[in-house]
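Q: just need the structure, nothing else, for what follows:
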Amino acid sequence: MSFAVPALFVASLASSVLRPSRPMFAGTVPLAFAGVIATLNLYLSFIRPRLYYRRIRSMDGYRNVSGIPMVSWLGLIAALVVGWGASGTSLLGLLFCFLDTGGPVWFVIWTWRDRSLWDSG
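A: The predicted structure follows:
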């Protein structure tokens, strides 16, 4: 389920190769929205803590700020629906799927080794 949207973007890209009648970009408004949210989540997860550590040289006093989980995926799904078969939309959507640390792909990555979540025993 977590990889359904990336798989659909790959299928959309394949559709754009087989039938190149669509413009290169379609559905840019929801795609741009998803890109902004995905970039914000990436910044809050990886870049902000490192900048804090470089400035303070310690993680003491660092306050973790949550991103906006799953919101960019709404934009990605809307871009997928509107921009099906547009190669640029498919490539950027696929990129944003893997950059969004608040999406289901990163949920699986971060919880893969957590036995309490996946095992019932």
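
Q: what's near enough to touch the residue nearest to Pro69 when sequence neighbours are not counted?
A: Nearest residue to Pro69, sequence neighbours excluded (C-beta to C-beta, 6 or more residues apart in numbering): Gly102, at 3.7 Å. (Each C-beta comes from the backbone N, C-alpha and C, glycine too.) Residues near Gly102 by C-beta atoms under 8 Å, 6 or more residues apart in numbering: 37-38, 41, 67-72.

Q: ditto for Val81
A: Neighbours of Val81 in contact, by C-beta under 8 Å, 6+ apart: Gly27.

Q: can you tell me the element it falls in?
A: helix 71-82 (DSSP states H and E).

Q: pull out the buried residues from that helix.
A: For helix 71-82, a neighbour-count test (16 or more other C-beta atoms under 10 Å) marks 71-73, 75-80 as buried.

Q: looking at these, which is nearest Thr89?
A: Ala79 (5.8 Å; C-beta to C-beta).

Q: Leu8 and Gly83 touch, don't they?
A: No. Using C-beta atoms under 8 Å, Leu8 is not in contact with Gly83, being 11.2 Å away.

Q: ok, and what's touching the lowest-mean-pLDDT helix or strand in the chain?
A: Using mean pLDDT, DSSP states H and E, helix 115-118 stands out as the lowest-scoring helix or strand of the chain, at a mean of 74. Identification of contacts with helix 115-118 by C-beta under 8 Å, 6+ apart yields 111-112.

Q: that older thread, pLDDT score assigned to the residue nearest to Pro69?
A: Gly102 carries a pLDDT value of 91.

Q: state the distance from Leu31 to Phe107.
A: Here the criterion is C-beta to C-beta, to the nearest Å. By it, Leu31 lies 21 Å from Phe107.
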